[in-house]
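> Generate coordinates for the sequence data below:
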Amino acid sequence: MSFAGPITILGIFVVDLTFETRCLPEWGETVLGSAFRLGPGGKGSNQAIGAARLGGRVSLISRVGKDAFGEMAFQTYAAEGVDTEFLIADAMHATGAAAILIEEGKGENAIVVTPGAASALQRADVDRAQVRIAESAVFMTQLELPVPVVAYGLRVARERGVPTILNPAPACALDDDVFELCDYLTPNESEASALTGVSVASVAEAARAADHLLRRGVRNVVVTLGARGALVKNATITEHVPAYSAGPVVETTGAGDAFNAGLAVGLSEGMDLVSAARFGCAVGAISVTQPGTAPSMPRRDKVDLLMAAWK
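Coordinates of the predicted model:
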């Protein structure tokens, strides 16, 4: 492992309420579930925990409520080694939550997320962390926060020469001035399609969608393709990074967060983009063999072993 510069993540913490069921209900239908779990979640939080488990030095900018779920956040980060200097306990808003439905046997999921206190994040909260952002090797954020706050965080990082990663999830309409703040954009297939209007059902179509995003100002695009790996594209590189297999797929929830955590750590350690994407694919491959979101994020030794075995 190379020396890694710090990683700052702007994102949300929510509590995941996960239900496993034989079939997903139709509107108005009630079905019996077979299992239930409660644990930490939220894309920014998952990515922070994932990066910390890989050896990254991670700070999280977010808000949680002054409630039991908020206490879970602080306890989780203390255990995982995530810095909470810029995690605000907000007495005016409750901590957010996500309802996750898992279809047994397939590992497929449907998710409803309510950001809660994190929706109250303001530019001033980002300003408080400006020094930490400026000393970071990577700044990463997502779209579970209000877009103006996301854009402001990206701008603060860019103005300080810090490479930026935007994981555009959940996808929404973005102006070109937001894309122009992105050194790295990491949509999955459906997000790439939603952002560009290009169907993404193959590696070739992922490349076409990436071209569209590059024309709008993004410097590097990495389209995650699930079991097919990832497509890396910029002005000079077009490369398909194959997926790894780490065992039977148990649950795909959190796989994208695992990939982004790996990508951020790889870049923070000075890996080139393709190598960082390959590392992210290995992290994601291990995550889907375990249930849960944050709990499925692998440790560095497992990732290194998987990559060594596949060389």
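
> Arg208: neighbouring residues, count only.
Look at Arg208: counted by other Cβ atoms under 10 Å, it has 15 neighbours. Any C-beta I mention is one placed from the backbone N, CA and C, and that applies to glycine too.

> Who are the packing partners of the helix or strand in which it is found?
Assigned by DSSP states H and E, Arg208 falls within helix 203-215. Packing partners of helix 203-215 (3 or more Cβ pairs under 8 Å, 6 or more residues apart in numbering; DSSP states H and E): helix 189-196, strand 220-224, strand 230-233.

> Spell out, range by range, the strands that occur in the stretch 51-200 of the chain.
With DSSP state E, counting those that start in this stretch applied, the stretch 51-200 of the chain shows strands at 58-65, 87-90, 95-103, 109-116, 138-142, 164-167, 184-185, listed in chain order.

> Partner strands of the shortest one, with direction?
Strand partners for strand 184-185, identified by DSSP bridges, are recorded as strand 164-167 (parallel), strand 220-224 (parallel).

> one step back: check the strands of the stretch 51-200 of the chain for me and report the most buried one.
Of all the strands of the stretch 51-200 of the chain, strand 138-142 has the most neighbours on average by mean count of other Cβ atoms under 10 Å, namely a mean of 28.

> That strand packs against which elements?
If you count contacts as 3+ Cβ pairs under 8 Å, 6+ apart, strand 138-142 packs onto strand 7-10, helix 43-53, helix 147-159, strand 164-167, helix 255-268.

> Let me know the angle separating it from helix 43-53.
Comparing the axes of strand 138-142 and helix 43-53 via axes from the mean of the first three to the mean of the last three Cα atoms, to 10 degrees yields an angle of 150 degrees.

> Output strand 138-142 as CSV - backbone C-alpha positions only.
Taking C-alpha atoms only, strand 138-142 is exported to CSV below (Å, rounded to 0.1, in the frame of the first residue of the first chain):
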residue,chain,number,x,y,z
VAL,A,138,-9.5,13.6,-3.1
PHE,A,139,-12.9,15.2,-2.5
MET,A,140,-16.0,13.1,-3.1
THR,A,141,-19.7,13.7,-3.0
GLN,A,142,-23.0,12.3,-4.3
